[in-house]
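Enquirer: got a predicted structure plus its sequence, pasted below:
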Amino acid sequence: MSNVPLMIRLAPILPACMALVALTGAAWGDQPDAPADRAVNLFMQSCIGFPADIGALRAWIEHAGFPEVPADRVDEFLGGLPGAAYDASGGQLALVLVVQDDGSCSVVADNANGNALVHHLDDTLHAANISFTTMDDPSDPQTKDLNNREYTASKDDRTWHMLVSTVKDPAGGPAMLTTNP
């Protein structure tokens, strides 16, 4: 893992990802928290479930049947970094799993309530007996409409560094959950 802080490594692609998911506009379900729950559940199954094991993660993705994001759209999620992006929402790009070759893993949701997402993530981490500490990132002028929350999580001999970015709008909007093993 690089010694470059996670937020700095994500800075080039975060605004593009957030803009992209804001444009897709697909809504899920009748429950206001359903998109947040789906994003967290996918994040736990993929990024947390296969830390630093890109081969096993990609095998899981293939088994799950998630197709790769179309080639003309993949750079919107990867920002030129090596890796792949997968559509976990059935062709709508409403929920995208981004796997970088360096082991970084992200789930990008086009529309989720930020508070619901953070609460569901915290509850899910607790339920999985994963210890964690959090720190809210100071506002960044390039991402002033986002709340960024850093996590350091561990279980057994594994440690994750995570960043959760959600829009400040209480009505919800784009969200991105990222982990580096």
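Expert: Yep, it's here. Residues are numbered from 1 along each chain as shown.

Enquirer: surely residue 176 is in contact with residue 165?
Expert: Yes - counting by CB atoms under 8 Å, residue 176 touches residue 165, with 4.7 Å between them. C-betas here are computed from N, CA, C, even on glycine.

Enquirer: who has more neighbours, those two?
Expert: residue 176 (26 against 23; other CB atoms under 10 Å).

Enquirer: tell me which element that one falls in.
Expert: Following DSSP states H and E, one finds residue 176 within strand 173-180.

Enquirer: neighbouring strands for that strand, and are they parallel or not?
Expert: strand 105-112 (antiparallel), strand 158-167 (antiparallel) (DSSP bridges).

Enquirer: which among those strands is found nearest to residue 70?
Expert: strand 105-112 (15.0 Å; CB to CB).

Enquirer: out of the strands paired with strand 173-180, deepest packed?
Expert: Comparing the strands paired with strand 173-180 by mean neighbour count (mean count of other CB atoms under 10 Å), strand 105-112 ranks first with a mean of 28.

Enquirer: and that strand, average pLDDT?
Expert: For strand 105-112, the mean pLDDT works out to 94.

Enquirer: can you pull the buried residues of stretch 132-146?
Expert: For stretch 132-146, burial by neighbour count (16 or more other CB atoms under 10 Å) applies to 137, 143, 146.

Enquirer: per-residue confidence for the first one?
Expert: I take that to be residue 137. On the pLDDT scale, residue 137 gets 73.

Enquirer: how about it, phi and psi?
Expert: Torsion angles at residue 137 (phi, psi; degrees, to the nearest 10) stand at phi -70, psi 140.

Enquirer: what helix or strand is the nearest residue to it once chain neighbours are set aside on?
Expert: Spatial nearest neighbour of residue 137, excluding adjacent residues (CB to CB, 6 or more residues apart in numbering): residue 148 at 3.8 Å. Element membership for residue 148, per DSSP H and E: strand 146-155.
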